[in-house]
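J.: A structural model of the following input is requested.
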Amino acid sequence: MKAGRTDLRREAGQRTRDGLLAAALELIAERGQDGVTLREITERAGANVAAVSYHFGSLKALCDTAIEHALERYLDAQIHELEALDPASTIEELAAAFARPMVRALAAGGRDLDVMRTVARVGIDPPEGWDRLTPKFDESRTVALRVLTAQVPGVGEEHLVFRTRCAAGLLNWLAVAPLGAELATTPTDQLERQLVPVVAGALRGA
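T.: Numbers count the residues shown, from 1 in each chain. Down below sits the predicted model:
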């Protein structure tokens with residue numbers, strides 16, 4: 001009986017923790033980390049201040065955890081798409097893989113779009129701990145460069161990296177710009193048709 005009560009308390013604690021993370025993610029996606037207050041997060045999560053202290057230690061630690069969670073989800077989704085490519089893939093196929101996580105998020109809305117908006121906002125002002133995700137950023141970039149190097153011969157790696165960063169910046173902008181809200185009502189296949197040529201142009205260069 002005692003073990004059963006312990007399990008229930010653990011599950012309740014996990015639900016509270018998950019609720020706080022979800023609330024923090026939603027608010028950070030709306031206005032950035034600096035515009036979020038502890039009271040707003042706890043009210044949205046239906047929790048109390050003590051729960052934040054217990055599970056995370058501070059408001060900053062909670063926000064940092066939510067941001068890191070968003071970045072990891074984004075990078076995992078992008079790496080999954082890019083790894084399906086091979087050196088013979090076209091730039092259009094690379095652009096489609098690069099853009100697909102954002103396309104899906106715009107179409108799905110909700111938590112998926114919150115993740116992308118958070119990634120877009122923190123990309124402008126990287127948080128502490130960003131360096132811990134460097135291996136995943138490097139993995140994503142390495143796969144993209146494998147295709148670009150084959151498709152755009154004679155262009156140095158530094159310039160190709162710059163193009164991938166520009167393409168990522170373009171997609172991140174969509175997550176927070178008014179245009180992104182307009183595109184959110186667009187079917188996924190139509191979104192891809194609209195976005196892929198633009199991303200491909202950024203990757204191909206002049």
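J.: Which residues are in contact with Arg141?
T.: 161, 164 (CB atoms under 8 Å, 6 or more residues apart in numbering). Every C-beta, even on glycine, is put in place using the N, C-alpha and C of the backbone.
J.: any idea which helix or strand carries it?
T.: helix 134-151 (DSSP states H and E).
J.: Tabulate the CA atom coordinates of that helix in CSV.
T.: Extracted C-alpha coordinates of helix 134-151, given in CSV (Å, rounded to 0.1, in the frame of the first residue of the first chain):
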residue,chain,number,x,y,z
THR,A,134,27.1,22.0,-29.8
PRO,A,135,27.5,18.3,-30.8
LYS,A,136,23.9,18.3,-32.1
PHE,A,137,24.3,21.5,-34.0
ASP,A,138,27.5,20.2,-35.5
GLU,A,139,25.8,16.9,-36.5
SER,A,140,23.0,18.7,-38.3
ARG,A,141,25.5,21.0,-40.0
THR,A,142,27.8,18.1,-41.1
VAL,A,143,24.9,16.3,-42.8
ALA,A,144,23.8,19.4,-44.6
LEU,A,145,27.4,20.2,-45.7
ARG,A,146,27.8,16.7,-47.2
VAL,A,147,25.0,17.5,-49.7
LEU,A,148,26.0,21.1,-50.3
THR,A,149,29.6,20.2,-50.9
ALA,A,150,28.6,17.8,-53.6
GLN,A,151,26.0,20.0,-55.2
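J.: Just the buried residues of that helix, please?
T.: Of all the residues in helix 134-151, those buried under the rule 16 or more other CB atoms under 10 Å are 136-137, 139-141, 143-148, 151.
J.: ok and the following helix or strand past it relative to helix 134-151, angle-wise?
T.: Using DSSP H and E, the helix or strand that follows helix 134-151 towards the C-terminus is helix 157-176. If you take axes from the mean of the first three to the mean of the last three CA atoms, to 10 degrees, helix 157-176 sits at 110 degrees to helix 134-151.
J.: could you say what helices and strands the next helix or strand after helix 157-176 packs with?
T.: Sequence-wise, the next helix or strand downstream of helix 157-176 (DSSP H and E) is helix 178-183. If you count contacts as 3 or more CB pairs under 8 Å, 6 or more residues apart in numbering; DSSP states H and E, helix 178-183 packs onto helix 157-176.
J.: and the helix it packs on, what does it pack onto?
T.: Using 3+ CB pairs under 8 Å, 6+ apart: helix 157-176 touches helix 91-108, helix 110-124, helix 134-151, helix 178-183, helix 188-204.
J.: tilt between it and helix 188-204?
T.: 150 degrees.
J.: what's next to helix 157-176, contact-wise?
T.: Residues contacting helix 157-176 (CB under 8 Å, 6+ apart): 95, 98-99, 102, 105-106, 113, 116-117, 119-121, 123, 141, 144-145, 148-149, 152, 180, 183, 195, 198-199, 202-205.
J.: What subset of these is buried?
T.: 95, 98-99, 102, 105-106, 113, 116-117, 119-121, 123, 141, 144-145, 148, 180, 183, 195, 199, 202-204.
J.: didn't Val49 look like it was pressed against Thr42?
T.: Yes. Here Val49 reaches Thr42: they are 5.9 Å apart, a contact under CB atoms under 8 Å.
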